[in-house]
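Asker: Starting from these lines, generate the structure:
(2 chains)
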There are 2 protein chains.
Amino acid sequence: MNAPNPVPDSLVFGSDGLIPAVIQDDASGEVLMLAWMDREAIRRTLTTGRVTFWSRSRREYWRKGDTSGHRQYVRSVAADCDGDTLLVRVIQIGAACHTGTRSCFTDREIPALVGDPEP
Amino acid sequence: MNAPNPVPDSLVFGSDGLIPAVIQDDASGEVLMLAWMDREAIRRTLTTGRVTFWSRSRREYWRKGDTSGHRQYVRSVAADCDGDTLLVRVIQIGAACHTGTRSCFTDREIPALVGDPEP
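Answerer: Below you'll find the predicted structure:
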């Protein structure tokens, strides 16, 4: 007898069968990266305590840290109001980015006009 | 004479011409929402101080807060290592979510096994 499927039926996948997952450091609140999950990657993420993605470039499942050692341990998972995005809070071991920076957004700022709510 | 285009050529758009933008509260670090931008929405976001998306459902530009009053003022914009995701830190006025919750992920947790780095 199979275990019940833990992936909510309410999730909405793209035409490619994928959903974006935002990965946030549970301790610092830093946004570490965004990657993609299909239904099976979500199932593995929800049931194993480790974050698993679907790699669009390599066309394979990718359990974060298996090669690099930079594992992501699941703290919580939430869907958004439309059910088409996931937010995964993690304990991040080492660097989240394959370039060696803590976050994939580190030192990659784009110049922007700063907005002011009280001009 | 036109102003130089502030949108980096290094950004990588999907086959639909869009790129996901993660919106983070600059003060609290909370992840508020994810929405989509095309090149023009990014240009407007970088140059006006207000966050503009491309609405996939309505097929139109959507300057956050114009209808709801729940404006997002840009504090910083960064690309990720692959250039295919943006992280926008904002000052959020009111609720980020159209359902009235502060974040689109509020109260939408999915049960998950919590991982433990030191089992």
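
Asker: from here on, contacts and neighbour counts on C-alpha atoms
Answerer: Noted.

Asker: residues contacting residue A:48?
Answerer: Residues near residue A:48 by CA atoms under 8 Å, 6 or more residues apart in numbering or on different chains: B:113-115.

Asker: try residue A:70
Answerer: Contacts for residue A:70 were tallied using CA under 8 Å, 6+ apart; they are A:64, A:92-96.

Asker: SS state for residue A:44?
Answerer: helix (DSSP: H, G, I helix; E, B strand; the rest coil).

Asker: these two touch, right, it and residue A:61?
Answerer: No - using CA atoms under 8 Å, residue A:44 is not in contact with residue A:61, being 10.0 Å away.

Asker: hey, what's in contact with both of these two?
Answerer: residue A:52.

Asker: who's more crowded, those two?
Answerer: Ranked by neighbour count (other CA atoms under 10 Å in any protein chain shown), residue A:44 and residue A:61 place residue A:44 first, with 21 against 16.

Asker: how close does that one sit to residue B:43?
Answerer: Residue A:44 sits 38 Å away from residue B:43, going by CA to CA, to the nearest Å.

Asker: for residue A:68, same thing?
Answerer: 36 Å.

Asker: the more surrounded of these two?
Answerer: Each of residue A:68 and residue B:43 has its neighbours counted (other CA under 10 Å); residue B:43 has more, 18 against 13.

Asker: number of nearby residues for residue A:83?
Answerer: Counted by other CA under 10 Å, the residues lying close to residue A:83 total 18.

Asker: Nearest residue to it in space, please, no chain neighbours.
Answerer: Take residue A:83 and drop its neighbours on the chain: the residue closest to it by CA to CA, 6 or more residues apart in numbering or on different chains is residue A:11, 4.6 Å away.

Asker: Show the contacting residues for the one you found.
Answerer: Residues near residue A:11 by CA under 8 Å, 6+ apart: A:79, A:82-84.

Asker: same check, this time on residue A:50
Answerer: Contacts of residue A:50 by CA under 8 Å, 6+ apart are A:44, A:63-64, A:71-74, B:115.

Asker: Do a quick rundown of the strands in chain A.
Answerer: Using DSSP state E, the strands of chain A run over A:19-25, A:31-37, A:52-55, A:60-63, A:72-79, A:86-92, A:109-110.

Asker: per-residue pLDDT, the nearest residue to residue A:63 once chain neighbours are set aside?
Answerer: Leaving aside its chain neighbours, residue A:63 sits nearest to residue A:52 (4.2 Å; criterion: CA to CA, 6+ apart). Predicted confidence (pLDDT) for residue A:52: 98.

Asker: try residue A:1
Answerer: For residue A:1, pLDDT reads 55.

Asker: again with residue A:4
Answerer: pLDDT, residue A:4: 73.

Asker: That one: neighbour count?
Answerer: 6.

Asker: cool, and residue A:113?
Answerer: Neighbour tally, residue A:113, other CA under 10 Å: 18.

Asker: Pull out the buried residues from stretch A:6-23.
Answerer: Residues of stretch A:6-23 classed as buried: A:7, A:11, A:13, A:18-23 (neighbour count, 16 or more other CA atoms under 10 Å in any protein chain shown).
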